[in-house]
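Visitor: Okay, structure incoming, though there's no sequence with it:
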Ligand SMILES: Nc1ncnc2c1ncn2[C@@H]1O[C@H](COP(=O)(O)OP(=O)(O)O)[C@@H](O)[C@H]1O
Ligand SMILES: C=C(OP(=O)(O)O)C(=O)O
């Protein structure tokens with residue numbers, strides 16, 4: 001598995017301290033690239049004039065094109081002091097490091113989606129929105145035409161191209177089968193009790209009648225139905241139907257503007273989810289390589305599959321966000337979200353099609369579902385509605401943002417506030433400040449309860465989980481290297497307490513990641529040398545003031561396409577286990593390997609064939625076993641030709657055979673047998689001159705042979721010759737078994753006082769006390785912070801039991817090493833080493849005795865293998 005979870009300290013030698021020097025606090029706190037032009041002290045006056053003039057021009061032009069537009073207030077352009085105060089406020093919410101707050105988009109985890117409309121579709125406003133904290137630009141295809149949307153897309157791309165440290169994703173929101181009133185030359189005032197007519201005739205817009213864009217409108221509504229305009233801003237009850245008109249009485253009046261939403265309480269329109277216009281807009285999105293589609297009025301998963309198939313057919317890598325806004329979508333919530341890449345809680349239409357009091361409950365449920373399935377989730381509509389006309393929000397709106405942040409939304413969305421409101425920049429800043437303040441009160445470490453179920457058996461999830469633990473326990477940021485975005489998105493779902501700095505070598509992925517909670521996407525070319533890549537990334541973070549000197553960060557890299565190899569290698573163990581096929585198929589589906597090699601299967605050729613046929617590969621090639629030890633060599637001998645005689649029979653019995661490894665280690669050795677040697681004596685001598693081992697080799701052999709490279713149990717004899725007992729190599733654990741047999745044998749026959757203890761290590765791992773592990777880590781001088789992370793990883797596990805198919809309450813264990821993550825083998829080695837050391841010290845102090853197999857041979861006290 002090619003992922004890394006490690007920590008790095010940031011050191012000053014990457015860049016000089018000059019980049020982080022403290023000068024004018026305004027300079028320090030200002031948004032970086034754009035503001036560097038407008039806020040320099042000597043340009044203050046002239047810039048103020050330019051900004052005011054630009055705002056007026058924007059307002060005037062837009063007012064002509066869009067009658068309901070509220071001109072952007074000159075007040076929305078922040079003054080120098082105000083900006084300083086605002087940013088200072090934001091900074092106080094955070095951890096107080098001045099440099100880190102130069103970009104609002106960095107430290108706020110919850111992302112902001114801004115709908116771009118007449119108030120904001122200029123170059124100047126898109127730049128300002130981006131610098132104020134917009135992460136995603138949303139294009140609502142219910143309004144405007146392709147030319148106007150193209151202009152916005154080009155501007156966002158231009159901003160992204162010139163911005164060194166910020167990126168804005170583009171979301172295309174389809175119109176969907178929505179029912180809208182037609183265009184009006186000017187708004188109409190509807191008063192309670194008044195009669196008003198909707199007609200399917202095109203182009204009508206009088207004070208008492210307006211067109212509807214949907215021909216079946218007359219068939220879909222019934223007398224007595226309640227019609228809601230703009231999600232309930234106004235309502236009308238249906239009194240009469242004719243062939244082409246629906247006559248209503250106004251229940252709650254107000255001002256009817258152009259192209260307003262019409263919903264019938266409790267009913268969805270019988271239109272397909274993706275209309276012809278939508279397909280046309282989707283193609284426009286493919287041509288422009290947008291990052292996300294927000295698909296309106298999705299009712300079932302079929303629509304999502306259809307869209308995804310289409311995208312695949314045009315090789316378009318665009319993620320699909322489903323808008324949950326239709327009454328019909330609720331029963332299919334699970335399957336719809338499963339099929340998609342994320343969901344939007346589109347509260348406007350949702351609250352019109354369903355009773356309004358259901359909206360907060362559905363919001364909670366949709367967020368929970370998305371979180372548990374590892375999908376992105378956006379909360380939308382009316383978040384700062386009053387700021388369309390007022391410079392400050394209502395307290396309820398502030399609470400609404402805080403609730404969405406607390407519930408764990410990836411993003412919160414602004415609609416009319418930025419599309420046609422008077423204070424688009426102020427709205428973004430309020431959203432930013434409220435989200436940041438709320439995030440500061442959320443303690444890290446709470447992972448969604450069943451996220452593990454969505455990802456079970458996947459190594460990547462384990463890495464994400466452990467990186468999150470590191471981030472939460474040590475309070476550090478995570479640095480992830482990702483080519484596909486997968487690992488960054490996965491980490492985001494675990495919601496680590498620190499920022500996720502996601503380095504990617506794909507601009508598209510950088511843009512996409514802008515939507516995800518806690519992810520700060522950064523574009524960077526990867527070097528062939530992974531160390532070089534790590535170094536450059538950390539240097540960049542330090543230069544940008546995103547991490548400080550001496551700060552620790554967790555480094556993670558994607559397992560799908562690791563940065564140090566283009567192809568990745570995955571290792572699944574236990575291919576003869578019945579569970580292997582299932583796990584392998586799951587893995588294979590996810591990673592689509594080109595070649596699979598099954599090594600050391602330890603099964604017969606026939607069984608191997610059976611396993612191959614179950615794996616579903618068209619071609620396979622099998623190498624039959626050559627022998628357990630590879631080649632076997634006869635060492636030859638010097639000395640008498642026979643060593644065994646009986647009657648007239650003479651034989652040479654004590655020939656030495658060795659494996660390849662031994663021959664490689666001692667290439668010139670041969671066997672010398674003494675005349676006196678008896679056939680049953682397996683000892684033989686090697687000339688020490690030919691032995692390439694240090695004389696004190698034996699004394700260097702530690703108790704735990706498993707951690708040795710090739711080690712030999714050798715003992716020097718008096719006459720400078722070596723008595724060979726065994727050669728135990730790291731790979732040949734089986735040799736230890738043979739030695740153990742040799743050791744046990746004399747214990748039975750000669751020394752009745754001996755005792756041998758066989759430890760079942762799997763059970764020992766299940767029972768080892770946590771205090772003992774902690775003490776072992778301390779004894780091994782593991783760094784304190786790392787020891788805490790390891791202990792947290794061990795002690796934080798919880799379990800549940802299915803009792804009559806119902807899971808019991810979670811409970812924690814009190815001992816044992818949790819299996820299934822990369823840590824246990826190392827911890828188990830550490831504990832065993834301690835046990836070995838304890839045995840050695842008991843022997844040294846004479847409490848225990850080791851066993852000798854021969855007078856000059858080595859002693860044995862334990863075999864930990
Ligand atoms: N591209 C656009 N062109 C003109 N007006 C727009 C555009 N996008 C949004 N608006 C205006 O902003 C309002 C709020 O945006 P949004 O919530 O996306 O629309 P709606 O609620 O109408 O679906 C719209 O009703 C419309 O008046
Ligand atoms: C986000 C929504 O969709 P639209 O803006 O297209 O009405 C909504 O209905 O809440």
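Guide: Received, thanks. Model, not experiment: these values are computed from the prediction. Ligands and ions are numbered 1, 2, ... in the order given.
Visitor: Low-confidence ranges, the stretch 251-400 of the chain, go.
Guide: Within the stretch 251-400 of the chain, the segments meeting pLDDT under 70 span 268-271.
Visitor: Alongside ligand 2, which residues does it contribute?
Guide: With CB under 6 Å from any ligand atom as the criterion, the stretch 251-400 of the chain meets ligand 2 at residues 261, 296, 325, 346-349, 380-381. C-beta here means a position set from N, CA and C on the backbone, and glycine is covered the same way.
Visitor: possible to save those residues as a markdown table with secondary structure and distance to ligand 1?
Guide: Listed next are those as a markdown table, based on DSSP: H, G, I helix; E, B strand; the rest coil; distance: CB to the nearest ligand atom, whole Å:
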| residue | secondary structure | distance to ligand 1 |
| --- | --- | --- |
| 261 | strand | 6 |
| 296 | coil | 9 |
| 325 | coil | 10 |
| 346 | strand | 9 |
| 347 | helix | 11 |
| 348 | helix | 6 |
| 349 | helix | 8 |
| 380 | strand | 8 |
| 381 | coil | 7 |
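Visitor: These, buried ones only, as a ChimeraX selection?
Guide: With 16 or more other CB atoms under 10 Å as the burial test, the buried ones among those are selected in ChimeraX as follows:
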select :261,296,325,346,347,348,349,380,381
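Visitor: and which of the residues of the stretch 251-400 of the chain next to ligand 2 is nearest residue 509?
Guide: Nearest to residue 509 among these is residue 380, at 24.1 Å by CB to CB.
Visitor: helix, strand or coil for residue 478?
Guide: In three-state terms, and counting by DSSP: H, G, I helix; E, B strand; the rest coil, residue 478 is strand.
Visitor: need the contact list for residue 788.
Guide: When contacts are counted by CB atoms under 8 Å, 6 or more residues apart in numbering, residue 788 is found next to 473-474.
Visitor: Next one: it from residue 465, what distance?
Guide: According to CB to CB, to the nearest Å, residue 788 and residue 465 sit 17 Å apart.
Visitor: What mean pLDDT does stretch 410-430 get?
Guide: For stretch 410-430, mean pLDDT is 96.
Visitor: hmm, that stretch touching ligand 1?
Guide: Yes: judged by CB under 6 Å from any ligand atom, stretch 410-430 comes into contact with ligand 1 through 415-416, 419-420.
Visitor: so what's residue 199 bridging to?
Guide: residue 211, residue 245 (DSSP bridges).
Visitor: so how many other residues sit close to it?
Guide: 20 (other CB atoms under 10 Å).
Visitor: Contacts only, for it.
Guide: 209-212, 244-246.
Visitor: 7 Å - rerun?
Guide: Contact analysis of residue 199 by CB atoms under 7 Å, 6 or more residues apart in numbering lists 209, 211-212, 244-245.
Visitor: Likewise for residue 504?
Guide: 482-483, 485, 510, 521, 523.
Visitor: Kindly state the pLDDT recorded for it?
Guide: Per-residue pLDDT puts residue 504 at 93.
Visitor: and if you look at residue 145?
Guide: Looking at residue 145, its pLDDT reads 95.
Visitor: quick one: it from ligand 2, how far?
Guide: Applying CB to the nearest ligand atom, to the nearest Å, the value for residue 145 to ligand 2 is 16 Å.
Visitor: cool, residue 121 as well?
Guide: Distance, residue 121 to ligand 2, by CB to the nearest ligand atom: 16 Å.
Visitor: And stretch 510-524, end to end?
Guide: By CA to CA, to the nearest Å, the extent of stretch 510-524 from end to end equals 10 Å.
Visitor: And for stretch 413-431?
Guide: 9 Å.
Visitor: is it anywhere near ligand 2?
Guide: Yes: counting by CB under 6 Å from any ligand atom, ligand 2 is contacted by stretch 413-431 at residue 415.
Visitor: Not counting that stretch itself, show me its contacts.
Guide: Residues from elsewhere that reach stretch 413-431 (CB under 7 Å, 6+ apart): 66, 68-73, 76, 78, 86, 112-120, 125, 128-129, 132-134, 138, 378-381, 383-385, 387-389, 391, 393, 401, 412.
Visitor: tell me the contacts of whichever residue of the stretch 451-600 of the chain sits closest to ligand 1?
Guide: Ligand 1 sits closest to residue 515 of the stretch 451-600 of the chain, with a gap of 16.9 Å, by CB to the nearest ligand atom. The contact partners of residue 515, by CB under 7 Å, 6+ apart, come to 111, 135-136, 169, 292, 376, 410-411.
Visitor: per-residue pLDDT, it?
Guide: Per-residue confidence (pLDDT) for residue 515: 97.
Visitor: And it, how far from ligand 2?
Guide: Residue 515 sits 15 Å away from ligand 2 when distances are taken as CB to the nearest ligand atom.
Visitor: next one: phi and psi at that residue?
Guide: Backbone torsions of residue 515, given as degrees, to the nearest 10, read phi -80, psi -20.
Visitor: Surely residue 178 is in a helix?
Guide: No: per three-state DSSP, residue 178 lies outside any helix segment and is coil.
Visitor: shouldn't it be in contact with residue 296?
Guide: Yes: contact criterion CB atoms under 7 Å: residue 178 and residue 296 qualify, at 6.3 Å.
Visitor: if I look at these two, which residues touch both of them?
Guide: By CB under 7 Å, 6+ apart, no residue touches both residue 178 and residue 296.
Visitor: re earlier: from the residues of stretch 410-430 next to ligand 1, which land in helices?
Guide: 416, 419 (DSSP state H).
Visitor: Just put the residues of stretch 410-430 next to ligand 1 in TSV and tack on distance to residue 605 and neighbour count.
Guide: As requested, the residues of stretch 410-430 next to ligand 1 are exported to TSV (distance: CB to CB, whole Å; neighbours: other CB atoms under 10 Å):
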residue	distance to residue 605	neighbour count
415	66	24
416	71	23
419	69	24
420	73	23
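Visitor: Show me what residue of the stretch 601-750 of the chain gets nearest to ligand 1.
Guide: Minimum separation of the stretch 601-750 of the chain from ligand 1 (CB to the nearest ligand atom) falls at residue 616, amounting to 46.8 Å.
Visitor: and the closest residue in space to that residue that isn't next to it in sequence, how many neighbours?
Guide: In space, and not counting its chain neighbours, residue 616 is closest to residue 585: 7.2 Å by CB to CB, 6 or more residues apart in numbering. When neighbours are defined as other CB under 10 Å, residue 585 has 13 of them.
Visitor: quick one: residue 585 is in a helix?
Guide: Yes: per three-state DSSP, residue 585 lies within a helix segment.
Visitor: Quick check: residue 247 touching residue 194?
Guide: No: with contact defined as CB under 7 Å, residue 247 does not reach residue 194; the gap is 11.4 Å.
Visitor: which of those two has more neighbours?
Guide: Neighbour count, other CB under 10 Å: between residue 247 and residue 194, residue 247 has more, with 18 against 14.
Visitor: check contacts around that one.
Guide: By CB under 7 Å, 6+ apart, the contact list for residue 247 reads 195, 197, 239-240.
Visitor: From those residues, list just the buried residues.
Guide: Neighbour counting by 16+ other CB under 10 Å classes residue 197 among the contacts of residue 247 as buried.
Visitor: Output the contacts of residue 247 as CSV; include the columns distance to ligand 2, secondary structure and pLDDT.
Guide: Putting the contacts of residue 247 into CSV (distance: CB to the nearest ligand atom, whole Å; DSSP: H, G, I helix; E, B strand; the rest coil; pLDDT from 0 to 100) gives the following:
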residue, distance to ligand 2, secondary structure, pLDDT
195, 27, strand, 95
197, 23, strand, 95
239, 26, strand, 94
240, 28, strand, 94
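Visitor: can I get the contacts of residue 247 in CSV with distance to residue 768?
Guide: Output for the contacts of residue 247, formatted as CSV (distance: CB to CB, whole Å):
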residue, distance to residue 768
195, 81
197, 80
239, 78
240, 80
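Visitor: so which of the contacts of residue 247 comes closest to residue 155?
Guide: Nearest to residue 155 among the contacts of residue 247: residue 197, at 40.8 Å, using CB to CB.
Visitor: Perfect, I'm done here.
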